[in-house]
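> A predicted structure for the sequence below; I have some questions about it.
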Amino acid sequence: MFSSRVPADRQVNHLTAAVAAHRRRGRPLLDLTATNPTTVGLAYPADTLNPLAAASALTYRPEPLGILPAREAVAHDYARRGISVAPSRIVLTASTSEAYSVLLKLLCDAGDEVLVPAPSYPLFDHLTRLDGVGSRTYQLAYHGRWELDAHSVDTAWTDRIQAVLAVSPNNPTGSVLTPAELSFLSERAGGLDAALIVDEVFADYNHGEPSLKRNEEDGWSARALTFRLGGLSKSAGLPQVKLGWIAVDGPERLVNEALDRLGLILDTYLSVSTPVQLAAPDLIARGGVVRQAIQDRIRTNLHALRQAIAAHPAVEALRIEAGWSAVLRVPARRSEEEMVLDLLLEHDTLVHPGFFFDFAHEAFLIVSLLPEPDVFESGITRLLEYVNA
């Protein structure tokens, strides 16, 4: 009766089950996996969501690609980052996840494939499967910084590949693709009649490294049909507001064709609410306050992490260029799963194992840089003491 797009085996993994049991017992927990900015003690202005109450939202006039003032506000926000995008090339969605699903519908037939990076967050397996699309991985390799393994892109390519997905800044590696790496992906995709999808949701959280902006100086331009993804969830710390966007770039003929087809797809669902679209200009403008608070929190915790690890040479914090996460390489005396379960059950500390994100080998532990500083420092102390013991 049920579609194979939803996995038959939906059992939770050992760590998820252990966390649920831990919480049912009422045990204290130092959660170093918290990535929801609304639950980690950040100060939001009391009137942050007031723009959603506009009386004009009582009138519904559906616009498949999004109402023009909202698209203009997104284009203006790109300009803040030094990127020029015409509002006519902005497409609104309810989230970045929905943007992926819309683009898979645009680009792929059932059985087609896309290339996805590894390591990266595990969302792609679910998104591709739900749209009847296969995925193949290409690798990021760590050599003092995370670098694109160009050979793995060519090795993974098949004649069913319709798009290359890139996440820059990447989650959880915190790596940023260089202009040369983006040029390679764009040229390879464009030359093989595929599209390039660049997830930039963490672009505002750059730790002093070269930014993602594309201009004549950095030497990267969209040679393939290109879709850049963003949203309020990260840029304004508002995951509950549900507004994402796609900026379409590349050869004009393909851009126009893509926008026309996207209009048809989005007109079928009309999932973006009128209140959030009308509020978008204010929400984007107000997002700077929360964004600064998030940046300050990240800097505070990153500084504490580096200080703590300096006294523990057996643990290495891999280079972080951007984003909300840190990757720790630890001695592989036990499996990652054993370590994270021990930390949870014996030390009331929650971290993620590297295999959750398709790291090529062990042993890596992933921590969020968003928890409240006292929670973060206490959790890192327990983690380092456990590893050294």
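That came in fine, so what should we check first?

> for residue 245, give me its contacts.
Going by C-beta atoms under 8 Å, 6 or more residues apart in numbering, residue 245 touches 66, 71, 74, 90, 91, 92, 93, 99, 229, 230, 231. To be clear about C-beta, it is placed using only N, CA and C from the backbone, and glycine gets the same treatment.

> that one: what secondary structure?
When classified by DSSP: H, G, I helix; E, B strand; the rest coil, residue 245 comes out as strand.

> can you tell me the closest non-neighbouring residue to residue 154?
Closest residue to residue 154 apart from its sequence neighbours, by C-beta to C-beta, 6 or more residues apart in numbering: residue 188 at 7.6 Å.

> contacts only, for the one you found.
Neighbours of residue 188 in contact, by C-beta under 8 Å, 6+ apart: 153, 154, 157, 164.

> in the sheet, who's paired with the last one?
By that I understand residue 164. In this structure, residue 164 bridges to residue 115, residue 196 when assessed by DSSP bridges.

> that one reaches residue 189, doesn't it?
Yes. Using C-beta atoms under 8 Å, residue 164 makes contact with residue 189 at a distance of 4.9 Å.

> where do the contact lists of these two overlap?
195, 196.

> care to break this protein down by domain?
Domain ranges of the chain: 14-43+287-388, 51-286, per automatic domain parsing.

> need those domains in CSV (columns: mean pLDDT).
Formatted as CSV, these follow (pLDDT from 0 to 100):
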stretch, mean pLDDT
domain 14-43+287-388, 95
domain 51-286, 94
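
> as JSON lines, those domains with distance to residue 1 would be great.
Putting the domains of the chain into JSON lines (distance: least, C-beta to C-beta, whole Å) gives the following:
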{"stretch": "domain 14-43+287-388", "distance to residue 1": "27"}
{"stretch": "domain 51-286", "distance to residue 1": "17"}
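
> show me what the longest helix seen in the chain is packed up against.
Secondary structure of the chain per DSSP state H: the longest helix is helix 274-310. Contacts defined by 3 or more C-beta pairs under 8 Å, 6 or more residues apart in numbering; DSSP states H and E place helix 274-310 against helix 68-80, helix 232-235, strand 316-317, strand 325-329, helix 373-388.

> orientation of that helix relative to helix 68-80 in degrees?
20 degrees (axes from the mean of the first three to the mean of the last three C-alpha atoms, to 10 degrees).

> can you give me the angle helix 274-310 makes with strand 325-329?
Angle between the axes of helix 274-310 and strand 325-329 is 30 degrees (criterion: the same axes, to 10 degrees).

> tell me which residues form a beta bridge with residue 92?
residue 245.

> and it, how far is that from residue 232?
Distance, residue 92 to residue 232, using C-beta to C-beta, to the nearest Å: 11 Å.

> so what sits against both of these two?
In contact with both residue 92 and residue 232: 243, 244, 280, using C-beta under 8 Å, 6+ apart.

> need these in a markdown table with neighbour count and distance to residue 258, can you?
Below are those laid out as a markdown table (neighbours: other C-beta atoms under 10 Å; distance: C-beta to C-beta, whole Å):
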| residue | neighbour count | distance to residue 258 |
| --- | --- | --- |
| 243 | 27 | 21 |
| 244 | 25 | 17 |
| 280 | 27 | 22 |
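
> remind me, longest strand of the chain?
Secondary structure of the chain per DSSP state E: the longest strand is strand 134-142.

> can you spell out which helices and strands pack onto that one?
Strand 134-142 packs on strand 113-118, helix 123-130, strand 146-148, helix 150-156, going by 3+ C-beta pairs under 8 Å, 6+ apart.

> show me the one of the ones you listed that comes nearest residue 47.
With distances scored as C-beta to C-beta, the stretch of these nearest to residue 47 is helix 123-130 (32.2 Å).

> and that closest one, what other elements does it pack with?
The contact analysis (3+ C-beta pairs under 8 Å, 6+ apart) places helix 123-130 against helix 96-107, strand 113-118, strand 134-142.
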